[in-house]
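**Q** Structure, please.
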Amino acid sequence: MRLRGGARPAAAPVRVRFDGQEIEALPGESIAATLAAAGIVAVRSARSGAPRGPFCGMGVCFDCLVSVDGRPSQRACLTKIEAGMDVRSQPSPRNVAAEPPAPTREESCDVLVVGAGPAGLTAARDLARAGARTIVLDERLDPGGQYFKPLAASQASAAMPDRQFRAGATLRREAADSGAEIVTGATVWAAFGAGEIAAIVGGDSTLFRPRRLLLATGAYEQAAPIPGWTLPGVMTVGGLQGLARSYRVAPGQRIVIAGNGPLCLQTAVELLDGGAEIAAVVEAAPRPGLAQWRDLLRSGLAAPSLMLDGARLVRKLEHAGVPILWGDRAITILGSERAEGLQTRSRRIDADIVALGYGFASSSELARARMRASLRRAWCWQHGDRRRCRWPHLDSRGLRHRRRRPLRWRPCRAGRGYDRRGRNRQ
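**A** Numbering: from 1, shown residues only. Just a heads-up that it's a prediction; the model follows:
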């Protein structure tokens, strides 16, 4: 369903096809948003034949892979709609022939920033203002990250709906005016070192050679592996909020949100304002009260505005009659082919969309790859016949080692005619 208020379509609708069914779409929105507006939550099948649908909404889970005009394995949440597009849940029988790979393009800069969220844009703005040639890479369709979630090109608004939108728009404008080059739709897939970053930009392989590398890759929501969590209609809270804030759509009419933290309350209020029905908010934390006065006092002194925002969200949900189940937790997601409800510790809740949000995990894959590249090139010592790195308590794979043996320094000779244990391969 399309949510009301907040913004209006920026252009006339176009028609696309999904598995032979013609549906209406807005230019500039993602395929996942178009399918959500049409009430389609199952977009592909796993190898086992089980249906799958969009889950994270940010290109991490790869559960929304579809075939687009014959090109297989396209992420629906990161692919923009075009008029006449043919989208299929399974690979098309007329897959286009693979084109020969183009030569890798190389590009140099003073600073390469990976991630166009609040931290990445702020750093890029300040670095560009100081005179450094700065390039920002981000995988999403628009800069702003998971926090700002800017309005998509499919939506237009005379005024930014809330303070979060306004702050994001101001930061994006300042970063662009500073001279920083912001590249969206760029997938960084390898770090061979701080000065060698491989990415796919516009379908072309690009090797960036920056003098300095800044990682601002943010975080993603952790999955809650409870029975039924892979069913179509189950999403992360952030993925559901991204559809609501950026594209003004919701994948269902009756929604239950389960998790912990203010993101659950904010998403519920935004969906409620857009016309969706919130069946319940299942909050794992106990209801704040006088028993937690020390924590409340500490939080109020540290961030009084956030405390007031949280109280306002709770009051608005309670005024609308939305049940907030404090101290409860999701146990099982009900349904066979798609989500049909949620079983908590205390009750059953019927709904056609279930959103889960139980914390975040740092997107540190690129940082770990960078560390492994450093370890491979570092001087190493050996414990007996096993090669060890000079970082305390880490072996050459970056894992903690337990055995203690007499140490003796020796340069790492792996890759120059020697195996990992320093023995001559000849």
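
**Q** was I right about residue 111 contacting residue 127?
**A** Yes - using C-beta atoms under 8 Å, residue 111 is in contact with residue 127, at 5.2 Å. Quick note: C-beta positions are derived from backbone N, CA and C, even for glycine.

**Q** list residues touching both of these two?
**A** In terms of C-beta atoms under 8 Å, 6 or more residues apart in numbering, residue 111 and residue 127 are both contacted by the residues 134, 214.

**Q** Do a quick rundown of the helices in the stretch 151-300 of the chain.
**A** Under the criterion DSSP state H, counting those that start in this stretch, the stretch 151-300 of the chain contains helices at 163-177, 237-247, 262-273, 293-302.

**Q** what about the longest strand in this protein?
**A** For the chain, the strand reaching the highest residue count under DSSP state E is reported as strand 204-215.

**Q** Now residue 211: closest residue in space, sequence neighbours ignored.
**A** Using C-beta to C-beta, 6 or more residues apart in numbering and skipping residues adjacent in sequence, the residue nearest residue 211 is residue 110, 5.2 Å away.

**Q** And for that neighbour, the neighbour number?
**A** Residue neighbour count, defined by other C-beta atoms under 10 Å, stands at 15 for residue 110.

**Q** What strands flank the strand or helix carrying it, and is each parallel or antiparallel?
**A** Element membership for residue 110, per DSSP states H and E: strand 105-114. Applying DSSP bridges, strand 105-114 is found paired with strand 134-138 (parallel), strand 204-215 (parallel).

**Q** What residues of it count as buried?
**A** Buried residues in strand 105-114, counting neighbours by 16 or more other C-beta atoms under 10 Å, are found at 107, 109, 111-114.

**Q** again, but for stretch 322-342
**A** Judged by neighbour count (16+ other C-beta under 10 Å), stretch 322-342 contains these buried residues: 322-325, 328-331, 333-335, 338-342.

**Q** how does this structure divide into domains?
**A** By the assignment in automatic domain parsing, the chain contains the domains 8-88, 105-219, 230-361, 378-426.

**Q** Let's have the ones you listed in CSV, adding mean pLDDT and distance to residue 368.
**A** What follows is the domains of the chain, written out as CSV (pLDDT from 0 to 100; distance: least, C-beta to C-beta, whole Å):
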stretch, mean pLDDT, distance to residue 368
domain 8-88, 92, 16
domain 105-219, 91, 9
domain 230-361, 93, 13
domain 378-426, 44, 7
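
**Q** Dihedrals phi and psi, the most centrally placed residue in the chain?
**A** Using C-alpha atoms, centre = their mean, the residue of the chain that lies closest to the mean C-alpha position is residue 58, 3.5 Å off. For residue 58, the backbone dihedrals (degrees, to the nearest 10) come out as phi -140, psi 20.
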